[in-house]
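*Asks:* Okay, predicted coordinates and the sequence, questions at the end:
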Amino acid sequence: MHKILLTSFTLVTLISGSLPVLLSSQPATAQGTCPSFRPLTRATSIRTPIPNLSRAKNYARQAAEAANGGIGKYRAENSMHGQAMNAPFVENSDGTITFTFLGCLAPGFSKATVESQVTVNPNGWRTTVNYNGPIRSSGNSTGTGAR
């Protein structure tokens, strides 16, 4: 019985000791990942789903990774790794999709230093890197899920 009480006490101590970490307001960032650089917001009005948006997002991210030395040297912001509707994109009148996003360079992957703007044409999957360089003023970036 004493052993059970000690085990219960140890469990309570471990759980309560980790509770402040679980309730921390600081976002957790895994080693080697780029933090999210902008708050994610949903588009207020979505007319129709964009076919293959996730595939287009992946092509855009991969083009930026290639332009910045590969995934060992560069990581795009978190929105380019999650759900496609959370990625910063604009659907263009010609049917192409333009993504504008930030990225981190190694070592550390902790501070955004690169902005990439990549246009993907879902008709044939042609990918064009429009811009890849130092972060420009916020007036040049797209809104998340903008249409």
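*Replies:* Here it is on my side, so go on. Numbering: from 1, shown residues only.
*Asks:* Could you name the helices and strands sitting against the helix or strand where Thr100 lies?
*Replies:* Element membership for Thr100 (DSSP states H and E) is strand 97-105. Strand 97-105 sits against helix 53-67, strand 74-76, strand 89-91, strand 112-121, with contacts defined as 3 or more Cβ pairs under 8 Å, 6 or more residues apart in numbering; DSSP states H and E. C-beta: built from backbone N, CA, C; applies to glycine.
*Asks:* redo that, cut-off 10 Å
*Replies:* Strand 97-105 sits against helix 53-67, strand 74-76, strand 89-91, strand 112-121, strand 126-134, with contacts defined as 3 or more Cβ pairs under 10 Å, 6 or more residues apart in numbering; DSSP states H and E.
*Asks:* so what strands line up beside the second one?
*Replies:* Looking at strand 74-76 with DSSP bridges, its paired strands and their directions are strand 97-105 (antiparallel).
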